Structure formats: structure tokens, C-alpha cells
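Peer 1: pasting the structure only:
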């Protein structure tokens, strides 16, 4: 099936149209919050704020930067595990996130930060926008290698829109709590992405199967992503919490849950291998499941050992999912999930929602003190007549709604992306950077060791360039003599 | 042209002399600021400071660490894109920055932090020193691969000196504003570096042209640099701003401008390629142009959509610069700009200065409130008689002065570096790590796959070392039979 | 010597047993500190705390995240320099640290944060736990490549235990000061690890010598580790200091000391090479010695030039250690120190302890003011009768005790690890990831350059997979014709 993957006009047009639209909409709607406005001096005076340190910037900016690093470095590099799709993994993630945060600022702004005709912009919005984009990065993981950047921008446009609607219903209408986004970010992102990839099923994808695995150094690049996600996840789950103990507690719980995930991931990864060897895919992904699983409950009084238990099981279930469930989903349900997001974000997201619901249902004044329910979680007050169990059911309802939104939205968006003119690659060209990237001919150099150069006192060219030949097939060489260190050897190096 | 690149005495001597000088000068001049001094308890008492949180450390340290990461990780890895110059890129950047910050603390200290015979040291100075060094990292990008570490240290010494003079004139004498350093850091660094590389023109540089390109994984290393620069740039532009709304606003504006740059960079990168493919050079560099362009105006009331517009155009102009202007500068003006700093720092820096001037010219009490002009920007008070337009012209004058300093300084320093005894490489050895680094003979191992080892129950050596032979020319092998998975194949791997 | 490295049951069992034990012990002992508890509102009321910003979270969280990055990204990637041990370096470091922080929270909690039957958990404990784990990461560097993950977990278990005991005696009983852990972290970790590797001496280790060196790109991965350690070290040394000037000063001193290390490392690295070339091992490691050397004294009134002097000598001594001392230790004392931790943590740690003792001995009221001694260092008060010199001797006594603990503990733990059933690799299989990791068969693809594809308008498969053959020996190929760009060339690429 021949496909035109030349994006020369399609990609620039969509980028420029979207960016011009952003400029106009920002011009009409976006205004600095008073804390970022030159009239902050007036606010300080009127509200009797004693110090600049009370500006929300100082409460949230360090966490924001961590979240920012997770979205761009963490997700970007995590997906570079594919041997020939590193440019696209990190580059397209960069593109979708840069567009997504702008659109998220608008969508979330209209729903949640709208005051007197304007969206009020502060670091808090930026955190929320990064959260929203994290959800699109998750979905990107399912379709990685199979869709064009044009499709990716379209998917991001719709997903951010749906995310904002879902989030508004959950957080503002039914007043569910979801600080770390187990539901709004991970469950939504995962099932949306899985539905899209299900609609976009490619039955001949095994034609590019050899490129769907990693090589040694691409796995190390991916570990950069894993580790930055892992270390900064406590900031992720705490970034949008209330000031004080809530932010503090959310960070601690996440830290503990993640630590437990690592040990159980290693344990299960070793058990499921016939010789007890570890699988890099598990270490790169399932170790993070604890962060997802503790997302909703992180800000609550989950207790330290509660956090450990969540991480304990998320690591196990996620690793088992990579081993047994993903192959099943692909072969039986036609769900081609490149990064295994179902195991890292889907199931742990649902676990997180349920843990959150249970913990919320036990958020009684006995545990928090009456003012604590307000100060830490915003419960109480207008909720004074709620029973605690009602908060639990509100959480569960939020989960179900999220799943429904993801499935219905995913089907619609998947069908839009199925239209034949978005420049997607043919089945045999998937997971391949050269489709969309100008990659220079590889030039490899051979170095003359020190000892040789000693014999040539005149300056020698230290390298001999060998341009990769245009040969289509690489001939094997008949074995002749055993290797020895003194024997010259053929040499050629390919693109890694 | 034979050149002696053996630095055995030159490099150690200059390093030790400089470091001893630093120790002595620090001993004579450098003292802790009261906020870092053991007498802070007294200051708190005298000034009635209620809490330790009012220590400037808590306002600025998170931003400082981000800036620090940009200088050492960001610039260092951004320059690893060259296939055979990764050690030098990241290693020499480390060296120049480590020296540069010390010298900058002194130079900036004498001009701007001098009190009663001593330089007063706090986190603020460290931020300013990192800023100054960022300017030398920019200039390094122009001469990357072509100068020795000795030349680099000399260049850093003079550039930091000139930077401090220029900055003092701009910020203290003519009282221009330049929080993110569009003028002082980027414009100065770029045009200084370009002038130096112009003086150091190498007419036979095409002899090492094959090493001046990237390979697949070196581009991924460079993306580490790009992303850390990108995510932390909001901290860069806000790190030295006034507390409160100014720091807050500078971060928001930078965040938005950078996001817009990404989309327009992708758009133009695709347009200018005949098949619509993206170029990694553009993604690595032009996506950052928005951060440069918004540098001066970030702290002002630029408005969110103003920031987007700046990023929009910087991304476009920077990408076009890489495509059309750099080749022109090299072929017609003999400016060999290895990293294309003219496109990332030069033009966007000038744009930033102009945007800053215009925004400053409209910084009226209507927008800020009278006290806001003082609180946010330090305008007013002793400037009460200034008209707003005068601030604009002060900005423009600052830009022109910066350009003049860069050109004159660059010529002088370039001529100093042209002296023949600094250990620079010959034209055919540029962009080559082995000139200055001990690189071990590559040892590559061949792995016996799982299945084979099964047949040998006794423990087998899992790897067979194959030392790269000393052959000077690598012979090609005649194609004989088609590749099949069962056929033994020659193997040798080169240095990547 | 055949060894069974199949960890299928041993590794899972130890991971699960340890993690279950953690859950139970956390359930029994661990409680949120009031600052992370929902009753923080009550604390604020009772203690008349005016603002949430006074929550310790905002004082320490940014530093904590930097320390966290150092432990997982910094140490993890620093050890990826080995060509075939990158997965294990970053993966096992991840595993040991994730277990270690949990066990450290308990051990340190029982000794130092125990109140009314419970351990009180806040960000401060997390910082302390990361510190403790940093010590095990140091020790890991000595045995890197030679022990199994099971041994690593056992070593971590005992080392954390001993660390907590030693730290308790130093900080709480003899009241030594050690903010950056020159003694407790670096000296202890280094000499403990060296003793363990001495006990585990492998006399035939040269059989895997070829894998004990780096390759070009593995050195670049290691530089990621180096730079993140370097930039965040100021946070490490200041993270647990008293609020205000002490934290501020500790960061400044560390920043300066590290900068000086870089220059002297470069100087000595160049001097000791016969052609003046730099050695990546030195740049990766000795540049960090200034951070270790300034650990104890960083929080004291060391003065800026004092910090420079410490870094100056640490860089020199550390580089000389790599050049001359490590080979001596290996050949004469049978200490096989894979990463050269003796040079980065051992000697600089002792230097740091001595510098700290001297600086403490001169910590008089003249320098600090009487209240400053209490506010900055906690001296005075119950120590009012101490002479300043006594603090110096308390520091020295702490150092000697640390060395004794490390040696005795290292011998015992080494003997435990010597038991033959922990799954360690045979001498000829050391430094080899495939022992413990499932590494996919390498598939390399050959790309048809642009020009060729032009001739085939039909969509072509852009890559031809070539699975690495199962051949046990790689035959060399007789040289036949000279290389030319137009000649097809054999191609095969191995695992890098």
C-alpha cells in the first residue's frame, strides 16, 4: 500500500494554523493573574500580604519545573527505546507537548480559570496544562511509530479538548479529588490512546517488527526518561495540591510508593524469565507504576505503609501485564500498544482511582480534624452535609465517566485519524525515523591507534571516512581464518 | 600545515595559574553576603526579619539550580551533536564554565557587588556568574571543534572581562533592563563568537568536513541538551528578576514564547526540505529561539499573546537562518559558525533587544501603577523625571553598545588567539576528539546468542574480544552470497 | 569455575521478602510528621505559625529533588562508563537505592526520628535516607561488575544498618558536624566498599579486562552522571543544614570548591599523559572531588577562598590517585576498585573530615557571634562549656570511628557475600550485562540513501534487517581492494 508520507505542506500548514489560532485566542482571552501582574503591589496592600514569598510562584515553581522536565525529558526519552525512532520519539513528543500546553491553557482556562471574560494565568495553570499534556504523551505511547506528526497534532487537539471537559466534570461538577491524576491523566490518556490504536489497527505491522525492538544504547537513552520520571514523580503528584501539609504529604506518599514498585518489578521480571534474567522493558516502565497508582490518594491520609502497599501491587501487576497481557491484547483484541501504556498507565490508573475512592471514603473528621478536611482537601464547608461515603462514590463515578469519555472519544478521534490523507507511513515503514526526518548519510571513521601514529611523526589524518555504501544488500563474508588481534579485519558500521 | 597539539605543559600551566590567581583574588576580595554569613541572626534582628524563609536563598536557589543545569548540561550536551567531538563539547564546556564562573564572580563583583573594599557573595552573584558564562558557552558554539582548550580559556578570560564591562554600562550606567540577557548574554556572546571565528577563518576546513556532521546517536545526545535548555529557560529569564510578580511573569512569558517557537520551527523546517522532512539541527536549536527573543521583555508586561508572537517569529527566523543564512555567511563572509549561533543567539538576541525596547517604551504607570513601576522593574523614583520613551532609547543604545563591544572585543581576542603557539589543530584534524583526549582502543565483543550457549553446559566465555586492528585502510569485501540469518558474517565495529 | 548465575528464585525471593518486611515495619512504626499530617492546621494554630510557607517542605523540597536526582541519575549514569555494563550500572543502582531508602528511613528513624513509639516522617527524613543511600552507591562503585544483584541487596541491607549506627554515634552522641557527609557518607561508603572488594578479590579478573574499559558513547552516558552530580552537589551539601544562612553558605562553598576541582583536574590529567591528552576517567570523577572535600565544612565559615583551596587540592589529589594509586592498590593490595571510589570518595572524604575539624576548631564566637554559633551550627547552649578545640577533636574522633566501622563492617559483610550461593558471575564473565539481563538479539538495519530510493518510485522497504549470526568466532576478511565510496562494503554491526 503506497502512502504519501511527504508532509511538506500538510505539516507546516497545520502547525502555522494552530499557532496563529493560539496567538489570537490568547490575545482575546489570556491575562496575567494578579500574582504575575504588575499590580501585585496593590494586591499585597489590599490583602495585607506581608511578603513577596507568599506569591504562589514560590510555593509551586520548583514542582512545576520538575513536572515540565517529566513531560519533555521524561516522556520524550522514555520513548527513545526503539532502535530507529529516537528522533521521532523525542521530537514529536516535543511538538505535541508544545502545542498541547497552549491549547490546554485555553481549554482548561475556559472551564476552570475564567473570570470576567478572561482566563487568569499563573504558574498553577501551567502545571495543569503540563498535566493535561502528560495525558497526551501517554496516548502517544500507544501509537508511537505508527502515526504521522500531522495525525499527532490532530489527536492532541481533540484529546486536550476532551481532557478538559472530563476534568471539569470530575473536579468541578462532581467534586472528585484527583491530585496526581490517576483518573484524569493516566486512565483517560491510556484508554483514549488504546482506543485510537485499536481503531488504527494495522494487520501487517509485523513487516516492521524488527524495528519495534530496542538496541543496547537505545535502552540506555530510554532509562534517562525513566529515571527523570521516577525522581520527579513526587513533584507531579504534589504540584497542584493545597499549600502546606497536603503538598508535603503527597510528595512523601509518592516517593514511597515508587520505591516499592522498583523491588516488586525486579522480582516479577526475574520470575517470568526462564533463566531469571531481567527485562529492560519492565525496569523502564513498571517501576513507575507506583507513581500512577498513588496519584489520586497521594494527597490524602493514605499512611506511609498504605503508599508502600499500593506501589507493591502496581509493580507486580504492571510487570505481569507487560509479560502476559500485552501479547494477548495484540493477538486477540487487535490492540497494538507500542509502549505498553496499558500496563503502565491503564491498569495502575484504575487501581489508583479505586485506592483514591477507598481512601476518600475513609476521610473522616477523626483522621483530619474538621478544619483539616477543609484545609487539606477542601472537603467540608459546602460539603458539610455530605457523608464521607458519598465522596467515595463520587470518586468511582468519576472513574467510570473517565473510561466512557476515553472510549467514545478515542473511537471518534481514531476514525478521524483513519482518513487517508494525514501522511501516515505504510505498515512496512513504521517505527522508522527516515520517513519524517532528514538523516545524514552515516560517515564512520576508523582510528589509527596510538602506536601506529607514533611511527609517523608527520601529522597524520587521524580518521578515514567511510561513507556507508548504497548497496541494497550486505553480503556476508566467507569465514576464512580465526580472529587474531593482529589480523586486519573488515570493517563497516551501520546506523545505530 | 603541521601543528603541535601536545598541550602537556601549556594546558596545565594555564589552568593552574588561573586557579591560583582565583584563590588569591577571592582571598583578598570575596566575602559572604550577610544572608550567607553567620551573622544573619543579627541582620534578622536589626531589620526585623520575621523568618528564615525571607533569606534570598529561598527566593532564588531553585532558579539558580535550573540555570546551572542549563550551562553545564544544556550547553554541554547541545554541542555533542558532532560525531567525533562529544568529549570536547561536553568536557571543554565544563572547563570553560568552571573557570568562567569564578572569574565572572570577580569581574561582576568589582563592578556591581562591591561594598567597602569587598565583593559581597550570595546566590544572586552565582546566578549572574552563570549568566555571564552562558555568554561564553554561546561563543564557544561558533568556534567549536576549531580551537584548543588553551585558546578556549584565554577566550573565556577576555570575554568574561568584556561581558562584565558591557553589562555594567548597560545595567548600571545607562540603566537598561535586560533580565534574560537578550543583549548582554545572547547578542554579545553571539557576535563576539562570530567575530572571533571570522578572524580565525580556516580556508581548508572542508578537509575535516566529514566530521562536522552528526550521526544518529550523537543527535540524541544533543537533544538532551536542547530539552534541558528548553525546560529550564523560564528559570533563566526569571532568575535575577525582582521578587514576586516580576519573577512570576518572566517565567510565564518565557514558557509561552518557547512553546510557540517549537511549532513554527517544525513548520519551517518541513517547508524548506524538498520532501517535507524535518532537520534535527532546526529542532535542536531554533526551538530555543523564543527563549532568547523574550529575554529582555520577559519581566515586563509583555502580555501572554505578546510572548507567543515573539516566539512565533523567532522560530521562523532562526530556522530560515540555519537554512539560508549560515551557508551564505560561510561562503561569502568567511564566518564558520559550527553550531549556527548566529541563528539561535545572534538574530533572536537582536529581536529580543528591540522587543524589550518597545515594551519598555510602553511601560507606563497606566499599565503598572506608579508603585508597580518601582516594585516590578525598579523604574521610577530616581527616574521619576524620565519619560517612558527615554527608557526605550536607553534600551536601543544598550543594544548598539553591545554590538560594538562584541565586534571590537572579538577582533582583538581573535587576533590574540591567532598566535601560533596555543595548540590548535590543523585544518584536517578539526572536530576530532583524539587530538586532545586519550581515547582507548575500541574493544568490541561478539555475543554468542542464548541458543548456542545452551549447547555448551560448561561455562562459556560470553564474549570474544576483537581489538580494532591497526590497519590504516579498511578493505572492502567482495559481495559473494546473499545475507541469511544462518550465515556467519564478518564483523567489526568501529568507534561510534 | 562454573557458577550458577540464574537468579530466577533467589532475586525475586529476596526482593519480595525485603519489600514485605518494609511494609510491615512501616505499618508498625512510620507516621507522618505534623508538617505532613492533616493536623498541620492545628499545629499552625498552636504554634502561631503565620503561613504555610513555613512548612519545612518549602525550605527543603527543591534541595531534596536535586539530591534525589544525584542518587538515581547521577550515580546511576556515572557508572555506565563500562562498555557492556550499562544496564546493570543504572538498573542495579536503581534497585539498591529504591530498597536502601526504605530501609534507611527505618534505621535512621529508629535512631534519630523516634518519638513516642513512632518514626516521624517528613522531607527531612527523605533527604537523610537519600544521603545514606548515596553511601551505598559509593560502595557499589568499588564492586561494580563483580557482584550479583542479590549480593548487592544484601550489601545494601548491612551497609545501611552500619551507616545508621555510625551516623547516630557521630551526629548525636559525640555531636560532630557533618552536613555534606564527608565522613558519614563518603569516607564510610568508600572504605566499606573497598574492604568488601578486597575480601571478594578475584585473582583472574583480567579475563574480563577487555570489558572493564569504556567505549566512546558509554563515556558520554557517564558524563550525564558526572554533570548532574556536579551541578546538584551544592544542594547535597546544603540540603540538611539549618535554615537561612547555613543552607545558603553551604551551597556557595560547595559551588566554589567544585569549580576549582575542575581546573586542577584538567591540569593534572594533562600533565600525567605523555602527550598531554586528557583522560575521560579523570574528568568524570576527579572534578567532583571538591564536592566531597568540602562536605563537612561547607556549612561553616570556611570563607570563599577556603572553599576554592579545598577544591584545588582535591582535584589534584584525586587525579593523581587515579593515575598512580589505583594501579598500586590493585597490584599490591589486591583491591579491585572498578570506579576508583578511593580517589573520588575515599581520600577526598578524609580531606573533608580534616578540613571540617580544623574549621570547626576555629568556630569561635568572634566569627559567628554567640547566637550565630547556635543559629548556624547548633553549637553553644548545652555546649557552652565546650572549648572550640574540643569540637575539632570531636570531628577527628568521628573520622577515626567511621574508618573503623567501615573496615570491620566491610570485612564481615565481605565474608557474608563470599558465600558461594549468591549468584555472582565467574571471573571471565564480569562486567557483562548478558549474565543478568535479557538482551535482545541485535538487529541492525542498512539504509538505502535518498538517491537510491528516488529511482524506485514504488514504496521500498527502507531497511534490511540483519540479525546477528550465531557464529561463535568472527572470521577476518582478507584485504582485497582499497576503500572507495562507490564500493559495496561488508557490513555487520555488533552489540555496543
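Peer 2: That came in fine, so what should we check first? Note that the structure is a prediction, hence the values are computed from the model and not measured. Numbering: from 1, shown residues only, chains lettered A, B, ... in the order given.
Peer 1: Near residue A:404, how many other residues are there?
Peer 2: 12 (other C-beta atoms under 10 Å in any protein chain shown). Yep, even glycine has a C-beta here, placed from its N, CA and C like the rest.
Peer 1: Could you check how far it is from chain B?
Peer 2: Noted for residue A:404: a distance of 31 Å to chain B, by C-beta to the nearest C-beta, to the nearest Å.
Peer 1: which SSE is that residue in?
Peer 2: Secondary structure assignment for residue A:404, by DSSP states H and E: helix A:388-417.
Peer 1: so what secondary structure elements neighbour that helix?
Peer 2: Helix A:388-417 is packed against helix A:149-167, helix A:188-199, helix A:347-361, with contacts defined by 3 or more C-beta pairs under 8 Å, 6 or more residues apart in numbering or on different chains; DSSP states H and E.
Peer 1: Now do the contacts for residue A:34.
Peer 2: A:40, A:43, A:120 (C-beta atoms under 8 Å, 6 or more residues apart in numbering or on different chains).
Peer 1: contacting residues around the first one?
Peer 2: The neighbours of residue A:40, taking C-beta under 8 Å, 6+ apart as the test, are A:34, A:55, B:244, B:245, B:248, B:372, B:375, B:376.
Peer 1: wait, residue A:177 sits on residue A:300?
Peer 2: Yes. Counting by C-beta atoms under 8 Å, residue A:300 is a contact partner of residue A:177 at 7.4 Å.
Peer 1: neighbour count winner among these two?
Peer 2: Set side by side, residue A:177 and residue A:300 show more neighbours around residue A:300, with 28 against 25, by other C-beta under 10 Å.
Peer 1: Leaving out sequence neighbours, find the closest residue to the more buried one.
Peer 2: Nearest residue to residue A:300, sequence neighbours excluded (C-beta to C-beta, 6 or more residues apart in numbering or on different chains): residue A:359, at 4.6 Å.
Peer 1: Return the most buried member of the helices and strands packed on helix A:388-417.
Peer 2: With neighbours defined as mean count of other C-beta atoms under 10 Å in any protein chain shown, the helices and strands packed on helix A:388-417 peak in mean count at helix A:188-199, which reaches a mean of 27.
Peer 1: rewinding a little: what residues are shared contacts of residue A:177 and residue A:300?
Peer 2: Taking C-beta under 8 Å, 6+ apart as the contact rule, residue A:177 and residue A:300 both touch A:356, A:360, A:377.
Peer 1: quick one on the thing from earlier: in a markdown table, list the contacts of residue A:40 along with pLDDT, distance to residue C:433 and secondary structure.
Peer 2: Putting those into a markdown table (pLDDT from 0 to 100; distance: C-beta to C-beta, whole Å; DSSP: H, G, I helix; E, B strand; the rest coil) gives the following:
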| residue | pLDDT | distance to residue C:433 | secondary structure |
| --- | --- | --- | --- |
| A:34 | 95 | 55 | helix |
| A:55 | 96 | 49 | coil |
| B:244 | 94 | 51 | coil |
| B:245 | 94 | 52 | helix |
| B:248 | 97 | 47 | helix |
| B:372 | 78 | 59 | helix |
| B:375 | 72 | 57 | helix |
| B:376 | 73 | 55 | helix |
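Peer 1: just the shared contacts of residue A:177 and residue A:300 that are near chain C?
Peer 2: Among those, no residue lies close to chain C (C-beta under 8 Å from any C-beta of the partner chain).
Peer 1: and of the residues you listed, the nearest to chain C?
Peer 2: Proximity of the shared contacts of residue A:177 and residue A:300 to chain C (C-beta to the nearest C-beta) peaks at residue A:377, which lies at 8.0 Å.
Peer 1: what about the residue of chain A found nearest chain C, which helix or strand?
Peer 2: Of all residues in chain A, the one sitting closest to chain C is residue A:276 (3.0 Å; C-beta to the nearest C-beta). Counting by DSSP H and E, no helix or strand carries residue A:276.
Peer 1: Report whether the expected contact of it with residue A:270 is present.
Peer 2: Yes. Using C-beta under 8 Å, residue A:276 makes contact with residue A:270 at a distance of 4.9 Å.
Peer 1: Mind checking which of the two has more residues around it?
Peer 2: Between residue A:276 and residue A:270, counted using other C-beta under 10 Å, the more crowded position is residue A:270 (28 against 21).
Peer 1: what about residue A:343, how many neighbours?
Peer 2: Neighbour count for residue A:343, taken as other C-beta under 10 Å: 28.
Peer 1: On the pLDDT front, check the spatially closest residue to it that is not a sequence neighbour for me.
Peer 2: Once flanking residues are discounted, residue A:343 sits nearest to residue A:321: 3.3 Å by C-beta to C-beta, 6+ apart. pLDDT for residue A:321: 97.
Peer 1: pretty sure residue A:321 is in a helix, no?
Peer 2: Yes. Under DSSP: H, G, I helix; E, B strand; the rest coil, residue A:321 sits within a helix.
Peer 1: quick one, what contacts residue A:181?
Peer 2: By C-beta under 8 Å, 6+ apart, the contact list for residue A:181 reads A:131, A:134, A:135, A:295, A:296.
Peer 1: Pipe these into CSV and attach pLDDT and neighbour count per row.
Peer 2: Output for the contacts of residue A:181, formatted as CSV (pLDDT from 0 to 100; neighbours: other C-beta atoms under 10 Å in any protein chain shown):
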residue, pLDDT, neighbour count
A:131, 98, 25
A:134, 98, 24
A:135, 98, 30
A:295, 96, 35
A:296, 95, 35
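Peer 1: This completes my enquiry, with thanks.
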